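A.B. asks: What follows is a predicted protein model with its sequence.
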Amino acid sequence: MHDAQVTDGGARIRWVELPGAAAPSEATGTTGAVAPAGAAGAAGVAAPAGVIGETGGRPDRVYLHGLGASSGPYFAASATHPLLAGGRSLLVDLLGFGISDRPTDFGYTLEEHADAVAKAMEAAGAHGADVIGHSMGGAVAVVLAARHPRLVGRLVLVDANLDPVVPVRGRPGSSGIAAYTEEEFLAGGLSETRERVGPLWWATMRLAGPEALYRSAAHRTRGTTPTMRELLLDLRIPRTFLRPSADGPLSGEAALVEHGVRIVAVPDCGHNIMLDNPEAFARETAAALAP
């Protein structure tokens, strides 16, 4: 396990690194030996920061989970799939979730989440990384790429949130959570949410700080200005969007394609594509990140 301080108050993001050489970093934790960023690789060519020279030159990969989730349970099997394994992969838990700290004095906007992830990536020496983001994690990934372009080389968005949504009381997920006030959510809304989301989601949602869960949901429904969709359209890096084929075309899908976003309809899955159809997820993600 690795960690890095990401707020002035000392809150730390934590992540698990999967097999592959690890770049030297300011993060705490145990890493494997690797030549410093910019040092000559096997062919005598300088390897840029975030690229593993003697293990195939693959960029680091950073996985970002969705609301109430954790990257280990949601991504570990996929990140170690033969089609995706081989280099350094960072399974990052967003601030407030999973094994990361849960500060109550943090705003948990999408921009703040993205800036916190950026600090963790800087500490890990992950520059020009492939970033794979699911649901709200996909929204954070888009904002990260827009605000910190040096850190992100390619994006894979897994049924990611691109637009604001209207809060609706009684629905699972961010829409239902955001329909409460923060005071209502802390007083009883969290218990009601537990009943709505079911045991699979609750297994990781229960690890989230209540304030972090509420504020992240509320800011996810409000989105960003410009919107996540508008930010995605303006990016000039390879972008792939995986969606469940059963859902049909995305809203505004033609415009996304026109702006260079590769849309892939994945069969036999729901919102959690990597859990529902891990073979197809690995295959399409590998295709998106092929050299």
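C.D. replies: Cool, got the structure. Numbering: from 1, shown residues only.

A.B. asks: Quickly note the distance from residue 246 to residue 198.
C.D. replies: 19 Å (CB to CB, to the nearest Å). Bear in mind the C-beta positions are built from the backbone N, C-alpha and C, glycine included.

A.B. asks: Phi and psi next, for residue 15.
C.D. replies: With angles defined as degrees, to the nearest 10, residue 15 sits at phi -150, psi 160.

A.B. asks: Was I right to think it contacts residue 92?
C.D. replies: Yes: the pair formed by residue 15 and residue 92 meets the contact definition of CB atoms under 8 Å, at 4.2 Å.

A.B. asks: Look at those two and report which has more neighbours.
C.D. replies: When residue 15 is set against residue 92 and neighbours are counted by other CB atoms under 10 Å, the residue ahead is residue 92, at 35 against 29.

A.B. asks: for the more buried one, what are its contacts?
C.D. replies: 13, 15, 62, 63, 64, 65, 71, 117, 120 (CB atoms under 8 Å, 6 or more residues apart in numbering).

A.B. asks: which SSE is the residue lying closest to the fourth one once chain neighbours are set aside in?
C.D. replies: This points to residue 63. Residue nearest to residue 63 in three dimensions, not counting chain neighbours: residue 75, with 4.3 Å by CB to CB, 6 or more residues apart in numbering. Secondary structure assigned from DSSP states H and E places residue 75 in helix 71-79.

A.B. asks: Please list the outside residues in contact with the helix or strand hosting residue 120.
C.D. replies: Assigned by DSSP H and E, residue 120 belongs to helix 110-124. Applying CB under 8 Å, 6+ apart, the external contacts of helix 110-124 come out as 2, 4-7, 13, 15, 23, 25-27, 60, 62, 64, 90, 92, 94-95, 106, 127, 129, 136, 139-141, 143-144, 147-148, 151, 216, 219-220, 223-224, 228.

A.B. asks: And it, how far out from the chain middle?
C.D. replies: What separates the centre of helix 110-124 from the centre of its chain is 11 Å, taken as CA atoms, centre = their mean, to the nearest Å.

A.B. asks: And the residue nearest to residue 177 when sequence neighbours are not counted, how close does it get to residue 63?
C.D. replies: With CB to CB, 6+ apart as the measure, residue 217 is the residue that lies nearest to residue 177, at 3.8 Å, once sequence neighbours are left out. Distance of residue 217 to residue 63, computed by CB to CB: 20 Å.

A.B. asks: Between these two, which is the more surrounded one?
C.D. replies: Taking other CB under 10 Å, residue 217 and residue 63 do not tie; residue 63 has more neighbours (29 against 26).

A.B. asks: Against residue 90, how distant is the more buried one?
C.D. replies: Shown here: residue 63 relative to residue 90, a distance of 7 Å by CB to CB.

A.B. asks: Helix or strand: which one has residue 143?
C.D. replies: Once you assign secondary structure using DSSP H and E, residue 143 falls within helix 136-147.

A.B. asks: Which secondary structure elements does that helix sit against?
C.D. replies: If you count contacts as 3 or more CB pairs under 8 Å, 6 or more residues apart in numbering; DSSP states H and E, helix 136-147 packs onto strand 61-64, helix 110-124, strand 129-134, strand 152-158, helix 210-222, helix 228-234.

A.B. asks: ok, back up a step: can you dump the C-alpha coordinates of the next helix or strand after the helix holding residue 75 into CSV?
C.D. replies: Heading C-terminal from helix 71-79, the first helix or strand you meet, by DSSP H and E, is strand 89-93. Below are the C-alpha coordinates for strand 89-93, written out as CSV (Å, rounded to 0.1, in the frame of the first residue of the first chain):
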residue,chain,number,x,y,z
SER,A,89,-0.9,-0.1,-12.2
LEU,A,90,-2.1,2.2,-9.4
LEU,A,91,-5.5,1.3,-7.9
VAL,A,92,-6.3,4.7,-6.3
ASP,A,93,-9.0,5.3,-3.7
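
A.B. asks: what angle separates strand 89-93 from helix 136-147?
C.D. replies: Between the direction of strand 89-93 and that of helix 136-147, the angle (axes from the mean of the first three to the mean of the last three CA atoms, to 10 degrees) works out to 110 degrees.

A.B. asks: List the buried residues of strand 89-93.
C.D. replies: 89, 90, 91, 92, 93 (16 or more other CB atoms under 10 Å).
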